[in-house]
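Engineer: Provide a 3D model corresponding to the input given below.
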Amino acid sequence: MTTLTVPAPTRRSAPFARAARMEWIKLRSLRSTAWALLLTVAGMIAVGVVTMANTKAPSADRAAQFDPTNNVLAGVALGQLVVGVLGVLVVTGEYSCGSIRSTLAAIPDRRTLLAAKAAVYGTVTLVVGEAVALVTFFAGRAALAEGVPRPGIGDPGVLRAVLLAGAYLSLVGLLGIGIGALLRHTASAIAVLVGVTFVLPAVIGGLSGPTVAKFFPTMIAGNSLAVAKPVADMLAPWTGFAVLCLYVAATLGAGARLPAHRDA
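Structural biologist: Down below sits the predicted model:
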């Protein structure tokens, strides 16, 4: 008789699974999570619909550059702020109230804990981001006035722009987690997040143009990811996506390597 042997969980997988379950329970039990995600969904759809309702048909000399897909995804700017701040709070909230001690008592490995936070929050925001990007596209498309060219989901570059806009929200959320893990203080982490996503791109872009500003997250989202037609002097969509992934990996990696005594 053949005996079926079930492999025992490895030492690495079992703690991660336990940490992921714990982080999922904490995330869904917070009322701020539901409210923040609801604000992201409602805000992005509202901005997309209003923007498209006010979009006019382009003149003949500007028809080639007309990109209503980019217009309908304008609400990503609002969504990234909410999702990024919530990502910061996922980490710093435990430090501000002192519950990090009990969390580390259950999951002593800080790298496993941060990986679990990133995996859970990244998955939730990816699902929400993709769903709201698709809903916003179709709702905004329906709001276009007669005579304005309507983008189709099957048009060149449109589906890619919509999906990358949704993925962008998840990446900014992970960036918030990484910054929160680095600074472990709510106000300073949010200040850095807002500075990197809003303030610095505007200041540097005004001083030197897109040469440096095109590498900041908001510029990548608005001019690389969420466009169906390429924008001159900006990163290509997949190049911009790769740059954002590098930012997230570097930030999370740096946060995971901080000295343990800072958890006290």
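
Engineer: L144: neighbour count?
Structural biologist: 21 (other C-beta atoms under 10 Å). C-betas here are computed from N, CA, C, even on glycine.

Engineer: touching, it and A53? I think so.
Structural biologist: Yes: counting by C-beta atoms under 8 Å, A53 is a contact partner of L144 at 7.5 Å.

Engineer: quick check: which element contains the most centrally placed residue in the chain?
Structural biologist: Closest to where the C-alpha atoms of the chain average out (C-alpha atoms, centre = their mean) is L169, at 2.3 Å. Assigned by DSSP states H and E, L169 belongs to helix 158-183.

Engineer: if you average the pLDDT over that helix, what comes out?
Structural biologist: For helix 158-183, the mean pLDDT works out to 96.

Engineer: flag every buried residue along it.
Structural biologist: 158-162, 164-183 (16 or more other C-beta atoms under 10 Å).

Engineer: now do the contacts for I177.
Structural biologist: I177 sits next to G87, V88, V90, V91, L114, K117, A118, Y121, L252, G255 when contact means C-beta atoms under 8 Å, 6 or more residues apart in numbering.

Engineer: list the contacts for the third one?
Structural biologist: Put plainly, it is V90. L27, K117, Y121, G176, I177, G180.

Engineer: avg pLDDT for the top helix by length along the chain?
Structural biologist: Ranked by residue count under DSSP state H, the longest helix found in the chain is helix 110-143. Summarised as a single mean, pLDDT over helix 110-143 is 96.

Engineer: again with stretch 91-102
Structural biologist: Rounded mean pLDDT across stretch 91-102 is 88.

Engineer: quote the end-to-end distance of that stretch.
Structural biologist: Using C-alpha to C-alpha, to the nearest Å, the span of stretch 91-102 from its first residue to its last is 14 Å.

Engineer: the helices in the protein, which residues?
Structural biologist: Using DSSP H, helices in the chain cover 13-29, 31-53, 68-72, 76-97, 100-106, 110-143, 158-183, 186-194, 200-208, 210-213, 217-220, 237-256.

Engineer: just send those back as JSON lines, with distance to D61 too.
Structural biologist: Compiled in JSON lines, the helices of the chain are given as follows (distance: least, C-beta to C-beta, whole Å):
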{"stretch": "helix 13-29", "distance to D61": "50"}
{"stretch": "helix 31-53", "distance to D61": "22"}
{"stretch": "helix 68-72", "distance to D61": "17"}
{"stretch": "helix 76-97", "distance to D61": "28"}
{"stretch": "helix 100-106", "distance to D61": "58"}
{"stretch": "helix 110-143", "distance to D61": "24"}
{"stretch": "helix 158-183", "distance to D61": "23"}
{"stretch": "helix 186-194", "distance to D61": "38"}
{"stretch": "helix 200-208", "distance to D61": "25"}
{"stretch": "helix 210-213", "distance to D61": "23"}
{"stretch": "helix 217-220", "distance to D61": "26"}
{"stretch": "helix 237-256", "distance to D61": "25"}
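
Engineer: hang on, the earlier thing: want to throw the contacts of I177 into JSON lines with distance to V47?
Structural biologist: Formatted as JSON lines, these follow (distance: C-beta to C-beta, whole Å):
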{"residue": "G87", "distance to V47": "21"}
{"residue": "V88", "distance to V47": "22"}
{"residue": "V90", "distance to V47": "25"}
{"residue": "V91", "distance to V47": "28"}
{"residue": "L114", "distance to V47": "32"}
{"residue": "K117", "distance to V47": "29"}
{"residue": "A118", "distance to V47": "27"}
{"residue": "Y121", "distance to V47": "23"}
{"residue": "L252", "distance to V47": "29"}
{"residue": "G255", "distance to V47": "31"}
